[in-house]
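K.L.:
Output the structure for:
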Amino acid sequence: MSDFSRPEGSPEPTPASARAKGAARFPGGPQADPAGSHFERRIRSFQPRRSRVTTGQGDALRRLWPKWGLDIDGRALHLGELFGNDLPVVLEIGFGMGEATARMAADDPGTNVLAVDVHTPGQGNLLNLADQQGLTNVRVANGDAIILLREMLTPGSLDGLRVYFPDPWPKKRHHKRRLIQAEFLDLVAGPLRPGGHVHCATDWEPYAEQMLDVLSAHPEFENTQQGGGYAPRPEFRPLTRFEGQGLAKGHVVNDLLFRRVQHK
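P.N.:
Numbers count the residues shown, from 1 in each chain. Now for the predicted structure:
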């Protein structure tokens, strides 16, 4: 028995016991390992989560993935073709269930959002939200954002990067798994146009301090705050349910807003 109910008339999902290793859970939907063995293995900064896919999420994955979904497989990507227009594109890495992503996309229809995550229920939920709200400026990407940045995007093709509440990997031995590191910023500097923004937010103060140190030290980025330090939460970043829970526990949320240096 599958872990979600099948809507009447829709194709039946393949049971896990009958799927080949690495095969897609939803026919025509996101692949289990889109890049396969084509790229060297590395320490991953994310941990895939397994949780139940609801009826609506599963239906959205089957219906909308061929239209609005993208598997990160290492092949060159033309963002104008992906979105069907030449509007500026912001890359969001790690969008959870997608509520904040959908809200920002709705508030700014003149900006395209390429949202990357590996959480299948979240992918389905964001597709469902975009469909219900008539959002045509959202695309959902599945896989490793490092491969997307390193192999697939052309120089200067992004107008911004958002990384909100990434896994803090709090144990010291796991700090090497944190996403915001100098090597990651080296990759970001290629596809991010000069003047484009990097916006990070976290409720884990030691990670915020690391983000601030790494971004401040990188020669390709500069702090938008005079005198340095953290930025006030911009009005365009919604207060998420996750963030509200953290604030209720006494966590301090820090935003960092840097821009790509424009060399003279």
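
K.L.:
mind listing what's buried in the helix or strand bottoming out on mean pLDDT in the chain?
P.N.:
Least confident helix or strand, the chain: helix 241-248 with a mean of 85, by mean pLDDT, DSSP states H and E. Across helix 241-248, burial judged by 16 or more other Cβ atoms under 10 Å covers 243, 246. All C-beta atoms are positioned from the backbone trio N, CA, C, and that covers glycine.

K.L.:
mind saving the C-alpha coords of that helix as PDB?
P.N.:
Provided in PDB are the C-alpha atoms of helix 241-248 (Å, rounded to 0.1, in the frame of the first residue of the first chain):
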ATOM      1  CA  ARG A 241       6.000  29.500  10.900                       C
ATOM      2  CA  PHE A 242       9.400  27.900  11.600                       C
ATOM      3  CA  GLU A 243      10.800  31.300  12.400                       C
ATOM      4  CA  GLY A 244       7.900  32.100  14.700                       C
ATOM      5  CA  GLN A 245       8.500  28.900  16.600                       C
ATOM      6  CA  GLY A 246      12.200  29.800  17.000                       C
ATOM      7  CA  LEU A 247      11.300  33.300  18.300                       C
ATOM      8  CA  ALA A 248       8.900  31.800  20.800                       C
END
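
K.L.:
How far away from the center of its chain is it?
P.N.:
20 Å (Cα atoms, centre = their mean, to the nearest Å).

K.L.:
what does stretch 59-76 give?
P.N.:
14 Å.

K.L.:
Secondary structure element holding the closest residue to residue 151 other than its chain neighbours?
P.N.:
Leaving out its chain neighbours, the residue that sits closest to residue 151 by Cβ to Cβ, 6 or more residues apart in numbering is residue 74, at 4.6 Å. For residue 74, there is no helix or strand it lies in under DSSP states H and E.

K.L.:
Quick check: residue 74 vs residue 29, distance?
P.N.:
According to Cβ to Cβ, to the nearest Å, residue 74 stands 19 Å off from residue 29.

K.L.:
So for those two, which sits in the more crowded spot?
P.N.:
residue 29 (23 against 18; other Cβ atoms under 10 Å).

K.L.:
mind checking the SS state of the more buried one?
P.N.:
Put simply, residue 29 is coil when judged by DSSP: H, G, I helix; E, B strand; the rest coil.

K.L.:
doesn't residue 65 make contact with it?
P.N.:
Yes. Using Cβ atoms under 8 Å, residue 29 is in contact with residue 65, at 4.4 Å.

K.L.:
got the residue ranges for the strands in the stretch 51-200 of the chain?
P.N.:
69-71, 89-93, 112-117, 138-142, 158-164, 192-202 (DSSP state E, counting those that start in this stretch).

K.L.:
With mean neighbour count, distance to residue 81 and mean pLDDT added, can I get these in a markdown table?
P.N.:
Written out in a markdown table, the entries for the strands of the stretch 51-200 of the chain read as follows (neighbours: other Cβ atoms under 10 Å; distance: least, Cβ to Cβ, whole Å; pLDDT from 0 to 100):
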| stretch | mean neighbour count | distance to residue 81 | mean pLDDT |
| --- | --- | --- | --- |
| strand 69-71 | 20 | 11 | 96 |
| strand 89-93 | 24 | 12 | 98 |
| strand 112-117 | 24 | 12 | 98 |
| strand 138-142 | 25 | 11 | 98 |
| strand 158-164 | 21 | 15 | 98 |
| strand 192-202 | 21 | 18 | 97 |
